[in-house]
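J.: here is a sequence with its predicted model. Questions after.
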Amino acid sequence: MLTKLFGRPRTTPAPSRPEIPSGVRVWAIGDIHGRLDLLEPLVAAVRSDLEASGATRKVCIFLGDYIDRGPASCEVIRFLTGLDRAGPIEWRFLKGNHEETMLDFLDDPSVGPAWCTYGGDTTLRSYGLRPPAVKHVAGGWASLSQDLAHKLLPGEQAFLEGLELSVEIGGYFFAHAGARPGVPLLKQRPHDLMWIRRTFLDSDVPFERIVVHGHTPTSDVHVDARRVGIDTKAYESGMLTALGLWKGERRLLKAVETPEGVAIRPEGLA
């Protein structure tokens, strides 16, 4: 469907329009944050495009932050774990800082109060749990951590623990948050790949590849000679964005909440 819409169209700085290898078609999906209502139609549109393409390698990379803030974190995790890993599409899942914090909470309940200040409370509620009324009582958080572990279906914790930190394809490097300037991309620290912000965003130091990332929300996609940011704040804006890459082309798909329902809107990207 979308193939018809679009047609078939150390540090050495990356070229301004790097290429994906011949025969490879890639989509990257930005921060979901519990918006299953946007995720399902966007994945269906991406799947349709990949299946209709003549690519010999078909890849969909999720950039992390599947949970927190939006209403359906549990359902998003279950949807993602249910994607067919044996089919023709290569599904890749990166770890965001929110997934790292959820895993930390499962290991160390004292993380709970801080996690809930930036969206963990909505994730707990999506699993049918409620944060303690008195936040400084350690026993309540310990019980809640155990309850959350019991709520996870078989495979869900393994999914979370198996999330990747980065993916590199052609002239692009995919990470949740970005990368530290001056450090080769393949030598980045895990913490930077999941958490970095201003040091990455404000720098003009080039990388060997264009960095595709989420983590820092913007009202629309950000693109420059160093990076492409596709976190469009789905949990609040009602817009979840995917970036498509093949040969020298770049395209966008946006799942947009409207009064009539979710609309899928294809766009070009310079």
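T.: It's in.
J.: alpha carbons of the helix or strand hosting residue 193, as PDB, please.
T.: Residue 193 is part of helix 190-195 when elements are defined by DSSP states H and E. C-alpha atoms of helix 190-195 as PDB (Å, rounded to 0.1, in the frame of the first residue of the first chain):
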ATOM      1  CA  PRO A 190      24.900   2.200  27.800                       C
ATOM      2  CA  HIS A 191      23.800   5.100  30.100                       C
ATOM      3  CA  ASP A 192      24.400   7.700  27.400                       C
ATOM      4  CA  LEU A 193      22.600   5.600  24.700                       C
ATOM      5  CA  MET A 194      19.500   5.600  27.000                       C
ATOM      6  CA  TRP A 195      19.700   8.900  28.900                       C
END
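J.: now do that helix: which elements does it pack against?
T.: Applying 3 or more C-beta pairs under 8 Å, 6 or more residues apart in numbering; DSSP states H and E, we find helix 190-195 packed against helix 97-107. C-beta: built from backbone N, CA, C; applies to glycine.
J.: contacts for the helix it packs on next, please.
T.: In this structure, residues lying in contact with helix 97-107 by C-beta atoms under 8 Å, 6 or more residues apart in numbering are 33, 64-68, 111-112, 114-115, 118-120, 123, 145, 148-149, 157, 160-161, 163, 176-177, 194-195, 215.
J.: roughly how far out does the helix holding residue 193 sit from the chain middle?
T.: Offset of helix 190-195 from its chain centre (C-alpha atoms, centre = their mean, to the nearest Å): 13 Å.
J.: which strand or helix spans residue 262?
T.: In this assignment (DSSP H and E), residue 262 forms part of strand 261-268.
J.: what lines up beside that strand in the sheet?
T.: Paired strands of strand 261-268, with direction, are strand 249-258 (antiparallel) (DSSP bridges).
J.: so what's the gap between the partner strand and the chain middle?
T.: Relative to its parent chain, strand 249-258 has a centroid offset of 15 Å by C-alpha atoms, centre = their mean.
J.: in that strand, what's buried?
T.: Neighbour-count burial for strand 249-258, counted by 16 or more other C-beta atoms under 10 Å, picks out 249, 250, 251, 252, 253, 254, 255, 256, 257.
J.: how about residue 201: what's its closest non-neighbour residue?
T.: residue 216 (6.3 Å; C-beta to C-beta, 6 or more residues apart in numbering).
J.: how about the nearest residue to residue 199 once chain neighbours are set aside, secondary structure?
T.: Excluding its sequence neighbours, the residue lying closest to residue 199 (C-beta to C-beta, 6+ apart) is residue 180, at 6.4 Å. Secondary structure, DSSP: H, G, I helix; E, B strand; the rest coil: residue 180 is coil.
J.: returning to what we had before: mind listing what's buried in the strand holding residue 262?
T.: Here strand 261-268 shows 262, 264, 266 as buried, counting by 16+ other C-beta under 10 Å.
J.: equivalent analysis for stretch 31-51, please.
T.: Those would be 31-39, 41-43, 45-47, 49-50, for stretch 31-51 by 16+ other C-beta under 10 Å.
J.: kindly report the same for stretch 150-167.
T.: 152, 156, 157, 159, 160, 163, 164, 165, 166, 167.
J.: and for that stretch, what are the contacting residues?
T.: 61, 64, 74, 77-78, 80-81, 92-95, 99, 102-103, 106, 127-129, 149, 173-176, 185, 188, 190, 193-194.
J.: show me the shaky parts of the protein.
T.: Applying pLDDT under 70 to the chain flags residues 1-17, 134.
J.: name the single longest helix found in it.
T.: When the chain is parsed with DSSP state H, its longest helix is helix 36-52.
J.: now it against strand 261-268, angle please.
T.: Per axes from the mean of the first three to the mean of the last three C-alpha atoms, to 10 degrees, the angle that helix 36-52 makes with strand 261-268 is 50 degrees.
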